[in-house]
Structures are given as structure tokens and as C-alpha cells.
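*Asks:* model this:
(one chain, ligands or ions: 1)
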Amino acid sequence: MAVGIFDSGLGGLTVLDAVSKALPDVPFVYYGDNAHTPYGVRDADDIYDLTTKGVERLWAAGCDLVILACNTASAAALRRMQEGWIPEDKRVLGVFVPLIEALTEREWGDNSPPREVAVKHVALFATPATVSSRAFQRELAFRAVGVDVEAQPCGGLVDAIEEGDEILAEALVRSHVEALQRRMPTPEAAILGCTHYPLMQNAFQEALGPEVKVYSQADLVAASLGDYLKRHPDMLGSGTVSMNLTSGDPARVSSKATQFLRRKVEFHAA
Ligand code: DGL
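*Replies:* Numbering: from 1, shown residues only. Predicted coordinates:
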């Protein structure tokens with residue numbers, strides 16, 4: 001009864017951490033495509049090919065349900081995957097919708113027509129591929145009207161976080177926030193639309209100021225996965241063991257992941 005968690009690299013570990021805490025009895029198999037990270041600078045076809053390969057590996061590990069814990073893959077590949085690639089007995093879910101439901105004050109799966117919501121000015125920080133897909137704006141438009149979204153592609157930030165270069169990462173956060181504020185001086189909410197960014201949440205909050213509500217995904221995804229599994233217990237696959245797989249070098253990825261989460265994390269070759 002395992003659930004698969006896919007990411008381009010280490011960012012999805014923030015989601016893995018949250019789902020493992022929220023659902024301690026569920027085994028999770030994590031797949032990091034570290035050999036090909038970052039996805040944020042790749043084109044949509046490339047992201048689709050890499051994502052489908054990773055998801056197939058998770059299906060082979062006994063996970064009928066796979067969470068794309070990667071906004072870039074969710075934005076650039078998920079819709080195409082759902083349009084005919086996913087077999088009937090499998091599911092692949094992205095990480096955008098729980099975030100947008102929280103922002104628009106909706107219950108899980110509330111598909112009623114779009115309506116006015118409290119928040120009017122939203123800043124989105126994400127990878128260049130996620131920003132150019134406009135997937136966030138598309139999903140938001142299904143649920144809310146009259147929300148102005150200003151998106152900032154945060155070039156370089158994923159690399160700095162993966163390298164563990166905190167000084168560079170903080171400087172990049174400040175400069176990306178300044179760039180966004182030149183176009184939207186007073187957002188009410190900010191979305192951290194990349195699973196790497198929760199690690200820089202304090203830096204984002206500090207640069208944005210205390211009056212901006214910062215939404216980060218991990219806990220929202222964990223809550224909505226718990227809800228989903230209650231309604232679809234049949235989607236717990238046949239896998240029984242938690243493990244972390246990587247397309248990269250397991251020793252190097254284990255050491256980076258340990259540094260990333262500040263606790264011991266071990267990876268095996270996919
Ligand atoms: N962490 C991933 C995301 O949520 C992408 C990082 C990357 O590979 O560029 O978008």
C-alpha cells in the first residue's frame with residue numbers, strides 16, 4: 001500500500017516530510033530525477049518525457065497513486081499525461097490544486113463555478129518553466145474571479161538551494177521579491193510555487209514583509225492527500241516498503257538530501 005512521490009530532484013522531500021508526518025502508516029516511495037534536475041529551465045516536451053519515465057518507475061515499485069511533488073512537472077506535463085497516458089487503474093495528482101483551493105477558500109474537490117474571493121493581488125514565485133506554462137493562472141481561473149496574479153520566474157534559486165548555498169539563495173530571494181514588487185508593490189498573498197522554496201520560506205517572508213500571507217505547499221498537499229486516501233482507499237498500491245530512489249548517483253544524492261533536510265536520508269539507484 002505505497003504511494004509514490006515524484007520530483008525533479010530534492011525539492012519534493014519537503015512534501016515527503018509533510019505527508020510522512022501526516023500519514024505515518026502509509027509507505028512512501030520517493031523518486032528524485034537528480035540526473036536531470038533542474039526541470040525549471042527545460043522545455044515542456046523534455047519535462048513530459050522525464051516525468052512519465054519517473055512515474056512509470058514508481059508504478060513498477062507498487063505505487064498506483066503518484067503525487068507529482070514538483071510544480072514544474074505538474075505545470076508542464078500533468079495535463080498532457082491525464083489526457084490519455086495514465087491507465088485506468090492508476091492516478092497521478094499534481095501539487096497546484098490543493099494550494100489554489102486554500103487560496104480560494106474551497107473544500108477539496110469543490111467544483112462549483114468561479115467566484116469572488118477575499119484575496120485580490122497574488123504574487124507567484126516559481127521556476128521559469130512553471131511561470132511560462134501559466135498553469136497556475138489557468139487553475140485559479142476555474143475557481144476565482146477578479147484575482148490579479150503577478151508571476152516572478154526565480155532563475156537560479158533551485159540550483160542555489162540544491163547546492164546548499166544559503167547566502168546566494170537568500171540574495172536571490174531578495175532580488176526576485178524586489179523585481180516582483182516593482183510590478184506589484186503590495187500583494188496580499190504570495191505563493192511559493194516550487195517545492196524547493198519552503199526551505200527559503202523565512203527569507204521570502206522577511207523580504208515580503210509581515211503583512212503578506214505566504215502559502216507554501218507541503219502541509220496543504222499532505223492534508224489533501226489524507227482526504228483523498230480516505231475517499232479512495234483502493235488507490236493505496238501494492239508496495240509495502242518506504243524507500244528513496246534516484247536517477248542520479250545515490251551516494252552523492254544521499255549526502256545532499258541529508259544536508260537539505262538536516263536529517264539522515266538514504267537514496268538507492270532507481
Ligand atoms: N522543485 C520543483 C518544482 O516544484 C522544480 C525544481 C526544478 O527542477 O527546476 O517546481
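
*Asks:* residue ranges for the strands of the stretch 101-250 of the chain, please.
*Replies:* Using DSSP state E, counting those that start in this stretch, the strands of the stretch 101-250 of the chain run over 115-116, 121-126, 144-145, 148-153, 189-192, 213-215, 243-246.

*Asks:* ok, and what's touching the fourth one?
*Replies:* Counting contacts by CB atoms under 8 Å, 6 or more residues apart in numbering, the residues outside strand 148-153 that touch it are 120-128, 130-132, 136-137, 140, 176-177, 179-180, 183-184, 187. All C-beta spots, glycine's among them, are computed from the backbone N, C-alpha and C.

*Asks:* if any of those residues are buried, put those into a ChimeraX selection.
*Replies:* Restricted to buried positions by 16 or more other CB atoms under 10 Å, the ChimeraX selection for the contacts of strand 148-153 reads:
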select :121,122,123,124,125,126,127,128,130,131,132,136,140,176,177,180,184,187
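
*Asks:* quick check: which of the strands of the stretch 101-250 of the chain is nearest to the ligand?
*Replies:* Closest to the ligand of the strands of the stretch 101-250 of the chain is strand 121-126 (CB to the nearest ligand atom; 6.5 Å).

*Asks:* what angle sits between the closest one and strand 148-153?
*Replies:* 20 degrees (axes from the mean of the first three to the mean of the last three CA atoms, to 10 degrees).

*Asks:* can you pull the buried residues of stretch 204-221?
*Replies:* Neighbour-count burial for stretch 204-221 [16+ other CB under 10 Å]: 204-205, 207-208, 212, 214-221.

*Asks:* where helices are concerned, which of these count?
*Replies:* Of the buried residues of stretch 204-221, the ones assigned to helices by DSSP state H are 204-205, 207-208, 217-221.

*Asks:* taking the residues you listed, tell me the two that lie furthest apart.
*Replies:* Within these, Ala207 and Val221 form the most distant pair, 24.0 Å apart (CB to CB).

*Asks:* just to revisit the earlier point, the ligand next: which of the contacts of strand 148-153 are close?
*Replies:* 127, 130 (CB under 6 Å from any ligand atom).

*Asks:* burial of Lys53, as a residue count?
*Replies:* A total of 14 residues lie near Lys53 under the criterion other CB atoms under 10 Å.

*Asks:* so Gly94 sits against Leu78, correct?
*Replies:* Yes. The pair Gly94 / Leu78 is scored as a contact, 4.6 Å apart, by CB atoms under 8 Å.

*Asks:* so what's in contact with those two at the same time?
*Replies:* What both Gly94 and Leu78 touch, as defined by CB under 8 Å, 6+ apart, is the set Leu68.

*Asks:* quick one: secondary structure of the nearest residue to Val158 once chain neighbours are set aside?
*Replies:* Of all residues not flanking Val158 in the chain, Pro38 sits nearest, at 4.6 Å (CB to CB, 6 or more residues apart in numbering). The local conformation at Pro38, judged by DSSP: H, G, I helix; E, B strand; the rest coil, is coil.

*Asks:* what about Pro38, how many residues nearby?
*Replies:* 23.

*Asks:* ok, back up a step: nearest to Glu83, out of the strands of the stretch 101-250 of the chain?
*Replies:* strand 121-126 (22.6 Å).

*Asks:* pLDDT on the closest one, on average?
*Replies:* For strand 121-126, the mean per-residue pLDDT is 96.

*Asks:* follow-up on the earlier one: tell me which two of the buried residues of stretch 204-221 sit farthest apart.
*Replies:* Ala207 and Val221 (24.0 Å).

*Asks:* the closest residue to Asp43 other than its chain neighbours and the ligand, how far apart?
*Replies:* Sequence neighbours aside, Ala129 is the residue nearest to Asp43 in space, at 7.8 Å (criterion: CB to CB, 6+ apart). Applying CB to the nearest ligand atom, to the nearest Å, the value for Ala129 to the ligand is 7 Å.

*Asks:* also Thr37?
*Replies:* 5 Å.

*Asks:* the residue nearest to Asp43 against Tyr48, yeah?
*Replies:* No. Between Ala129 and Tyr48 there is no contact under CB under 8 Å: 11.2 Å.
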